[in-house]
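**Q** Here is my input; please provide its structure:
(one chain, ligands or ions: 2)
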Amino acid sequence: MAESEKEAALPPKEEFSEWYNELLWMAEIMDVRYPVKGLYVWYPFGFAIRRNTYNIIREILDNSGHQEALFPLLIPENEFMKEAEHIKGFEDEVYWVTHGGRDPLDIPLALRPTSETAIYPMYKMWVRSHADFPVKIYQIVNTFRYETKHTRPLIRLREITSFKEAHTVHATWEDAEAQVKEAIGLYTEIYRRLGVPVLRSRRPDWDKFPGADYTDALDAVMPDGKTLQIGTVHHLGDNFAKTFDIKYEAPDGEQRYAYQTCYGISERSIAATISIHGDDKGLVLPPEIAPVQVVIIPIIFKKGAEEVLAACKDVKERLTKAGVRVEIDASDLRPGAKYYKWEMKGVPLRLEIGPRDLQNNVAVAVRRDSGEKEQIPLSEIEAGVSSKFEAIHESLYQKAKVELENRIFDCAELEEVKEKIQIGVATIPWCGKRECGLAMEDVIGAGILGIPLEQKRDKKEKCPICGEETETRVYVARTY
Ligand SMILES: Nc1ncnc2c1ncn2[C@@H]1O[C@H](COS(=O)(=O)NC(=O)[C@@H](N)CS)[C@@H](O)[C@H]1O
Ligand SMILES: [Zn+2]
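**A** Ligands and ions are numbered 1, 2, ... in the order given. You can find the predicted model right below:
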């Protein structure tokens with residue numbers, strides 16, 4: 001895209017919605033002009049962020065006993081329609097393929113909105129004995145949901161292009177429960193690697209995944225105070241095992257229904273990372289996912305230009321050998337225009353090298369997140385750069401954690417909740433009864449997000465609806 005096309009300025013971040021849309025375009029992450037609502041195009045730069053992010057997800061899953069596989073996109077209607085709860089949950093969202101060429105298909109095929117009904121008929125054939133457990137398989141695919149709410153790139157798509165879904169099988173309800181806990185831990189670690197702090201909570205029963213016993217979720221708090229569900233872990237009980245007849249031979253020779261979990265992350269992981277770390281100048285990327293981690297800017301004067309360029313090339317070679325993704329910007333743009341361009345793209349570290357720096361045998365390192373400038377001796381450039389990366393990641397994560405803490409408000413009554421959820425997440429006591437929860441949502445005009453997974457139950461308070469004593473507080477928030 002020509003530089004001139006992007007002369008439009010990036011709005012300030014506090015105009016979050018406009019900032020977000022403009023940034024996806026100016027940093028060349030997504031092109032939203034594709035002529036189907038809810039479908040968007042990954043630019044190469046954005047796609048590199050996706051690749052680096054999903055490398056982290058794969059690493060963490062593969063190192064915890066998961067295996068990656070791949071199941072078909074199209075699901076025959078008779079399989080899709082088997083689990084009543086699941087259907088109810090997805091009936092209005094599923095796309096159907098009804099023709100092959102001009103011939104109507106005798107069995108319509110669903111485009112997977114999620115893959116339980118594609119995978120579990122196969123699990124029925126694969127699972128034989130308790131010795132087969134735990135099955136821990138995941139796939140990273142595109143899924144399709146006919147979302148009727150407002151679609152948004154990376155946040156609410158009709159084609160979810162980066163849907164990582166894990167589907168596990170176990171002998172007992174308790175084993176599945178332990179797997180849910182492991183998955184929550186793995187997701188928390190994935191988000192720590194992205195510098196994104198999360199709220200972890202159990203969704204209220206009326207908000208759980210269709211066909212699940214319960215749903216635990218990870219939410220990020222976005223700069224506008226709304227929460228974004230960036231990961232969910234579902235305990236499926238033996239509901240799907242009964243529907244798809246997934247049985248195993250127990251040690252005592254008995255045939256038993258299996259217990260299952262499933263858990264998913266989508267490109268919302270990237271939406272949260274961009275939104276939480278970005279600033280008025282554009283992207284601020286955690287080094288591990290930045291497509292360009294270091295940009296070298298030669299400071300050229302007539303005298304000594306060759307030496308400077310030669311030194312820049314040498315630094316680039318050494319950093320490349322050390323596994324760093326590095327570019328030299330030797331274009332004829334003015335230095336200020338170069339800084340603008342690479343700051344927009346969130347390059348974590350800029351190295352400036354001019355004739356004086358050469359005399360002192362240093363490069364000037366400028367951090368994208370803090371703007372801090374520091375000289376690094378050229379002889380230690382690899383170690384210097386990698387320690388800068390660690391400092392940047394740690395500082396991004398700490399800053400985001402403080403920001404999150406500042407957006408959680410313990411409220412005493414519902415009126416205060418209504419006010420606080422305009423800027424963040426409120427907590428309020430809840431007796432746990434459905435009618436009180438739904439009544440609360442009516443009064444507040446927003447949903448109960450969930451019961452925090454780690455909750456200090458140290459004092460008795462009163463449910464604001466029925467007055468019953470309770471030790472439980474819930475998160476309440478506006479959500480995407
Ligand atoms: N329309 C959408 N666009 C982008 N991400 C979405 C969309 N719908 C859901 N997601 C993300 O996908 C995650 C998993 O979706 S889900 O419905 O909660 N769970 C499942 O589908 C289960 N089968 C686990 S994979 C959600 O937590 C949310 O982060
Ligand atoms: Zn109550």
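**Q** C-alpha from now on. contacts and neighbour counts both.
**A** Fine.
**Q** Show me which residues of this protein are close to ligand 1?
**A** Residues of the chain found near ligand 1 (CA under 6 Å from any ligand atom) are 114, 155-158, 160, 165, 229-232, 262-266, 268.
**Q** Just the ones of those residues in helices?
**A** R268 (DSSP state H).
**Q** List only those of the residues of the chain next to ligand 1 flagged as buried.
**A** Buried by 16 or more other CA atoms under 10 Å: 114, 155-158, 160, 165, 229-232, 262-266, 268, out of the residues of the chain next to ligand 1.
**Q** Touching, V295 and V326? I think so.
**A** Yes. Taking CA atoms under 8 Å as the definition, V295 is a contact partner of V326 at 5.7 Å.
**Q** can you pull out the helices in the stretch 51-200 of the chain?
**A** For the stretch 51-200 of the chain, applying DSSP state H, counting those that start in this stretch gives helices covering 77-80, 84-90, 116-126, 173-193.
**Q** no wait, the stretch 251-400 of the chain
**A** 268-277, 305-321, 335-344, 355-360, 381-405.
**Q** and those helices as JSON lines, adding mean pLDDT and distance to E18?
**A** Output for the helices of the stretch 251-400 of the chain, formatted as JSON lines (pLDDT from 0 to 100; distance: least, CA to CA, whole Å):
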{"stretch": "helix 268-277", "mean pLDDT": "98", "distance to E18": "12"}
{"stretch": "helix 305-321", "mean pLDDT": "97", "distance to E18": "36"}
{"stretch": "helix 335-344", "mean pLDDT": "95", "distance to E18": "15"}
{"stretch": "helix 355-360", "mean pLDDT": "95", "distance to E18": "40"}
{"stretch": "helix 381-405", "mean pLDDT": "98", "distance to E18": "21"}
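**Q** just the ones you listed: most buried one?
**A** helix 268-277 (a mean of 23; mean count of other CA atoms under 10 Å).
**Q** tell me the angle it makes with helix 381-405.
**A** Calculated by axes from the mean of the first three to the mean of the last three CA atoms, to 10 degrees, helix 268-277 forms an angle of 90 degrees with helix 381-405.
**Q** Remind me what helix 268-277 packs against, helices and strands.
**A** helix 44-62, strand 227-237, helix 381-405 (3 or more CA pairs under 8 Å, 6 or more residues apart in numbering; DSSP states H and E).
**Q** Select, out of these, the one closest to ligand 2.
**A** With CA to the ion, the closest approach to ligand 2 among the helices and strands packed on helix 268-277 belongs to strand 227-237: 24.4 Å.
**Q** From the chain's centroid, how far away is the closest one?
**A** 12 Å (CA atoms, centre = their mean, to the nearest Å).
**Q** Stretch 92-103 too?
**A** That offset, for stretch 92-103, works out to 30 Å (CA atoms, centre = their mean).
**Q** Tell me where the model's unsure across the chain.
**A** Residues of the chain meeting the criterion pLDDT under 70: 1-7.
**Q** and E83, what does it touch?
**A** G211, F240, T243 (CA atoms under 8 Å, 6 or more residues apart in numbering).
**Q** Switch those residues over to CSV; also include distance to R192, secondary structure and neighbour count.
**A** Below are these laid out as CSV (distance: CA to CA, whole Å; DSSP: H, G, I helix; E, B strand; the rest coil; neighbours: other CA atoms under 10 Å):
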residue, distance to R192, secondary structure, neighbour count
G211, 30, coil, 20
F240, 32, helix, 25
T243, 37, helix, 16
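**Q** If we ignore the residues flanking it in sequence, what's nearest the residue nearest to the spatial centre of the chain?
**A** Centroid check for the chain by CA atoms, centre = their mean gives S269 as the closest residue, at 1.3 Å. Using CA to CA, 6 or more residues apart in numbering and skipping the chain neighbours, the partner closest in space to S269 is I230 (5.8 Å).
**Q** shouldn't that neighbour be in contact with A220?
**A** Yes. At 6.7 Å, I230 and A220 qualify as touching, with contact defined as CA under 8 Å.
**Q** residues shared between the contacts of the two?
**A** If you check I230 and A220 against CA under 8 Å, 6+ apart, the residues they both contact are A272.
**Q** Give me the neighbour count for A48.
**A** 17 (other CA atoms under 10 Å).
**Q** Any idea what the nearest residue in space to P134 that is not next to it in sequence is bridged to?
**A** The shortest distance from P134 to any non-neighbouring residue, by CA to CA, 6+ apart, is to H170 (5.2 Å). For H170, the beta-bridge partners under DSSP bridges are Y259.
**Q** Tell me how far H170 lies from ligand 1.
**A** H170 is 16 Å from ligand 1, where distance means CA to the nearest ligand atom, to the nearest Å.
**Q** mind listing what that residue touches?
**A** With CA under 8 Å, 6+ apart, H170 has these contacts: H130, F133, P134, V135, A176, A258, Y259, Q260.
**Q** Quick one: name the residues of this structure near ligand 2.
**A** C431, C436, C463, C466 (CA under 5 Å from the ion).
**Q** isn't the last one right up against C436?
**A** Yes. Here C466 lies in contact with C436, judged by CA under 8 Å, at a distance of 6.9 Å.
**Q** what about A365, distance to K460?
**A** Going from A365 to K460 by CA to CA, to the nearest Å gives 53 Å.
**Q** neighbours of K302, just the number please.
**A** 6.
**Q** measure it to ligand 2 for me?
**A** 77 Å (CA to the ion, to the nearest Å).
**Q** What of I289?
**A** 45 Å.
**Q** For that residue, give me its contacts.
**A** Contacts of I289 by CA under 8 Å, 6+ apart are I49, R50, N52, T53, L194.
**Q** one more time with 10 Å, if that's ok
**A** 48-56, 193-194, 270, 273, 348 (CA atoms under 10 Å, 6 or more residues apart in numbering).
**Q** now do V97
**A** L74, I75, P76, E77, P104, L105, I107, P108, L109, A110, L111.
**Q** sorry, back to before: tell me which of the helices of the stretch 51-200 of the chain lies nearest to G304.
**A** helix 173-193 (41.5 Å; CA to CA).
**Q** tell me the angle of the closest one relative to helix 44-62?
**A** Counting by the same axes, to 10 degrees, helix 173-193 lies at 140 degrees to helix 44-62.
**Q** Give me the neighbour count for the closest residue to G225 other than its chain neighbours.
**A** Computed as CA to CA, 6+ apart, the closest residue to G225 that is not its neighbour in sequence is G424, at 4.1 Å. A count of neighbours around G424, defined by other CA under 10 Å, yields 24.
**Q** Repeat that for G278.
**A** Neighbours of G278 (other CA under 10 Å): 22.
**Q** related to what we said a few turns ago, can you pick the most crowded of the contacts of H170?
**A** Q260 (30 neighbours).
**Q** Tell me how far it lies from Y138.
**A** Taken as CA to CA, the span from Q260 to Y138 is 13 Å.
**Q** what's the overlap in contacts for those two?
**A** By CA under 10 Å, 6+ apart, the residues touching both Q260 and Y138 are H167, T168.
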